[in-house]
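Visitor: build the 3D model from these lines:
(2 chains)
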Amino acid sequence: MSEPPQLETPLTAAIVLPAELAAAPGALDRLLARIGEHVNPILVKETRQALKSRQFTITFALLLLFGWGWSMLGPAVFGPEIRYAPKGTAMFIGYYLILAFPLLVIVPFSAFRSLIGESEEGTYELIAITTLRPSQIVSGKLASAGLQMAIYLSAIAPCVAFTYLLRGIDFLTMALAIFFTVLASLGLSLCGLLLATLTTEKHWQVVLSVVGIIGLLFTFMVNCQLASGMILMGGSAFGQPGFWNALAIFLMNYAGYFLLLFFAATAQLTFASDNRSTRLRIAMLIEHAIIVASLAWGWLETDFPPDLFAVAALLLTLHWYVLGACMTAESPGLSLRVRRRLPQSLLGRAVFTWFNPGPATGYVFAVAAMLGMLAVVAIAAQFHPVSTAAAPTAAFRPPVGRFEIAAFAMLCVSYLTIYLGLGLALIRALRRICQVRRLLAILVQVLLVLLGTIVPFTIQLSSPELRHLDYSYLQITNPFWTLFEALGHWGVLLTYDLLWVILPLAALLVFVLNLPAIAREVGQVRVAKPVRVEEEDAQQNALQPTRKDPWDDAFPASDGGPADA
Amino acid sequence: MIDGRPMIELRKLHRNFGATRAVDDVSFEVQRGQVFGYIGPNGAGKTTSMRILSTLDLPTLGDALVDGFSVIDDPDRVRRRLGFMPDYFGTYANVNVREYLDFFARAYQIRGRDRLIAVDRVMRFTGLCVLAEKPIAALSKGMKQRLCLGRALIHDPAVLVLDEPAAGLDPRARIELREMLRALAAEGKAILISSHILTELAEICDVVGILERGRLLAVGTVEQIQAQGQTPESLVEVRVLGGAGPLAAWLAQRGRSRELRTNGDALAFLHPGGAEAEADLLRAMIEAGFRVVAFGSRRRSLEDVFMQVTRGLVQ
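Guide: Prediction:
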């Protein structure tokens, strides 16, 4: 057996940097190195990997090849006409299609595969035990997708500039088409990352991959149709009234949902004992505020049809039902880590308790948001000039008044309160006899709504007397029929006037039924940090003192304060 | 050791997967500078408890502490102190050795010049300097193991958890790994190491814990475990002129020695007691007229102890 080797350097020994590392770099290198220090580590790693990967090389080469190909084929097809006719639009659509495929299919799928690959290769666990935060992992992957997009865009940019010279298309149309595609690509990449966090099981990952690629191809085709329409319509849309306001509302909502999805992906990667909910709930509240702001804008626009308030209420119900189902599926127990940061003051507990993780606080959060929506819709309908005049909203529909819109919104709130509340009670009961994972809890919520819908529907269909009837009180547990019936025929709310009495009362009853669970979660109090944590915090604070106020004498004037320290 | 606090502490750790108790009420401590050998058959629960300790999983009951911080409630503080080398490589495609280590140094928030130094130090320590620019995919298994150890060491953790680090290594690589671990322990790091190669562990571990079906059957030094429930025994080997048969009969008559095996002039047997008892035995043999030409003894090996403690049960 050979002699054991002598270790070159013990870990604690002083290291002399090798010459190439120790050499003083130039000013530009120093600046770049300083910038590089603040770049997300995942982005650095992904960029190094991506630039050497076969997939990137092939995609980039094909993009260039198709770009050059279209640059030669296009003029050949158009012939001499290209010299005097404005052919920029047709050329741009060609380049757009070439660019859209990598942006809408390759980049999002690469983001999805990148995170799945980490899980498959076992590297995700190695990253998870570093000091990287889950938000850094998600943002790093997203930034990497953004960088790939930038490279693809830069490859096609000369071609796009060429189309502008051919006339027939304005700069704003081109910029908006590319801008929307980049937004779509980023959004899809984020969805891909969120999908990748949903499971670590190999077979589910394969299923998600297939579903993902089909979804991306479908999105690509739909997007190409929409974008082609927008490009052909050109600048005429920009001058239409409300275009820029609608664009601003779209961008705000995009940002809100982007934030929500980002925190959802982050929460999926967060350690089980950590707080996964508070940031998500803040993002939900921001998105809710954006939707309400959009409604307020609609209220200010005098030609905004009043029954769109009801449509918005319906969409918000769906939105909060999905979010509420996810929140009520959370674990009821708070970890000691979370309990260390619970609010203590009365005001803090009253306002911020609902942001704490927990199914019951989540239920209250969803119901409170819907009540907020009800108030906004009711106020908007009350003061809307069209609705107060009870003007007809469409040739084939009766006029809609302020009462109908407010009553409709109340029905929405009631259904949400009832179904989420019953689901919460059922999940709580199930947890007494078995372990209920998040997916199962969400399924319970969905099944409950399906039962409430299908059972009365089946009874009506199977009964010879009821089969030919239209809507009746039998369908009171069917939220879809009831709400769509009300939305289609506002008179239903007057004919079946018990609806807006029974449903709110039932909602109140279900809410009261859940009060003990709510009280239990609200009753959680802050716990002290462990002694060891206090010790370390004290040590770190001693090493890095923070100035509490300008007269803090911990920082003598001579030492320049913490910056110098 | 700071304030006598153990660097690793498992407190009544349980981890159930359905009806299977992967880890069942395991408790032990590892002090600073100590190497703790975690041994047990496949499926004994070693990897599960190591994953819990490395904040990759949560226990069903109980807790694990690293430098006094709970893996459940303070995983962030645990991660700063702990380097984990799992039983798989976890390497990236299209990345070379330096880039790989640089990425993990960045992931541990090591900035600027400190990062360059950390990467260089780890490459020197693991002997990877000459392979700095080599793609990871082109590394041999032994070199990948070194790289993974380097990754676990990049943030200079006080605690190392190594799951089967010597698996699949050739003898030279194993010896080199052993030397590295010795050096790390000498620097004061607490090391928890699992391995199937018990001879390797016996040479570097201060303490061993034997795990079977999720339960910790024994903890302590090899001698302490051997002494649990019975008198310590030595394996004595004797060579006598004129054949070992009469000596075997004499020993059997005395009744204290057991598992006697003869082979021509040679005789091997287990004898209770320490050096004093062996000296007395040798004197008694000579006084009885046996012509002893060789007399040697050795303590029971970790393998012997392992076989003694475990029953070969799996779950």
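Visitor: Validate this expectation: residue B:117 resides in a strand.
Guide: No - going by DSSP: H, G, I helix; E, B strand; the rest coil, the assignment for residue B:117 is helix, not a strand.
Visitor: and it, how many neighbours?
Guide: By other CB atoms under 10 Å in any protein chain shown, the residues close to residue B:117 number 18. For the C-beta atoms, the positions are set from N, CA and C on the backbone; glycine is no exception.
Visitor: what about the residue sitting nearest the centre point of chain B, distance to chain A?
Guide: The residue lying closest to the centre of chain B (CA atoms, centre = their mean) is residue B:37, at 2.4 Å. Distance, residue B:37 to chain A, by CB to the nearest CB, to the nearest Å: 19 Å.
Visitor: spatially, what comes nearest to the closest residue to chain A within the stretch 201-315 of chain B if we skip its sequence neighbours?
Guide: Using CB to the nearest CB, the closest approach of the stretch 201-315 of chain B to chain A is made by residue B:203 at 11.1 Å. Distances taken as CB to CB, 6 or more residues apart in numbering or on different chains put residue B:178 closest to residue B:203, at 6.5 Å, once the chain neighbours are dropped.
Visitor: residues contacting that neighbour?
Guide: Counting by CB atoms under 8 Å, 6 or more residues apart in numbering or on different chains, residue B:178 touches A:4, B:166, B:200, B:203, B:204.
Visitor: would it count as being in a strand?
Guide: No - judged by three-state DSSP, residue B:178 forms no part of a strand; its state is helix.
Visitor: of the contacts of residue B:178, closest to residue A:100?
Guide: Using CB to CB, residue B:166 comes nearest to residue A:100 of those, at 52.1 Å.
Visitor: now the closest one, what's its secondary structure?
Guide: coil.
Visitor: any idea how far the residue nearest to residue B:141 when sequence neighbours are not counted is from residue B:144?
Guide: Among residues not flanking residue B:141 along the chain, residue B:168 sits closest, at 5.5 Å (CB to CB, 6+ apart). To residue B:144, residue B:168 is 10 Å away according to CB to CB, to the nearest Å.
Visitor: and residue A:469, by the same measure?
Guide: Distance from residue A:469 to residue B:144, by CB to CB: 73 Å.
Visitor: now do the helix or strand encompassing residue A:159: which elements does it pack against?
Guide: Assigned by DSSP states H and E, residue A:159 belongs to helix A:134-165. Contacts defined by 3 or more CB pairs under 8 Å, 6 or more residues apart in numbering or on different chains; DSSP states H and E place helix A:134-165 against helix A:41-52, helix A:54-78, helix A:88-101, helix A:107-121, helix A:171-197, helix A:243-269.
Visitor: next, the residue in the stretch 351-500 of chain A positioned nearest to chain B: phi, psi?
Guide: Closest residue of the stretch 351-500 of chain A to chain B, CB to the nearest CB: residue A:435 (9.7 Å). Per-residue torsions, residue A:435: phi -80, psi 130 (degrees, to the nearest 10).
Visitor: confirm the residue nearest to the centre of chain B sits in a helix?
Guide: No - with three-state DSSP as the criterion, residue B:37 is located in strand rather than a helix.
Visitor: how about the contacts made by it?
Guide: B:193, B:194, B:195, B:201, B:202, B:204, B:205, B:207, B:208, B:209, B:302.
Visitor: if we can go back for a sec, model confidence over the helix holding residue A:159, on average?
Guide: Averaged over helix A:134-165, pLDDT sits at 92.
Visitor: now that helix: buried residues?
Guide: A:134-149, A:151-153, A:155-156, A:159-160, A:162-163 (16 or more other CB atoms under 10 Å in any protein chain shown).
Visitor: contact partners for residue A:284?
Guide: With the criterion set at CB under 8 Å, 6+ apart, residue A:284 makes contact with A:260, A:323, A:365, A:369.
Visitor: name the element it belongs to?
Guide: helix A:278-300.
Visitor: show me how far that helix is from its chain's centre.
Guide: 13 Å (CA atoms, centre = their mean, to the nearest Å).
Visitor: counting contacts, what elements does the very next helix or strand once past that helix pack onto?
Guide: Next along the chain after helix A:278-300, taking DSSP H and E as the criterion, comes helix A:307-328. If you count contacts as 3+ CB pairs under 8 Å, 6+ apart, helix A:307-328 packs onto helix A:278-300, helix A:359-383, helix A:402-433, helix A:438-462, helix A:479-488.
Visitor: for those helices, give me TSV that also has mean pLDDT.
Guide: Output for the helices and strands packed on helix A:307-328, formatted as TSV (pLDDT from 0 to 100):
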stretch	mean pLDDT
helix A:278-300	87
helix A:359-383	88
helix A:402-433	91
helix A:438-462	92
helix A:479-488	84
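Visitor: rewinding a little: what are the buried residues along the helix holding residue A:284?
Guide: Within helix A:278-300, the residues that qualify as buried are A:278-281, A:283-285, A:287-288, A:290-292, A:294-295, A:297-299, counting by 16+ other CB under 10 Å.
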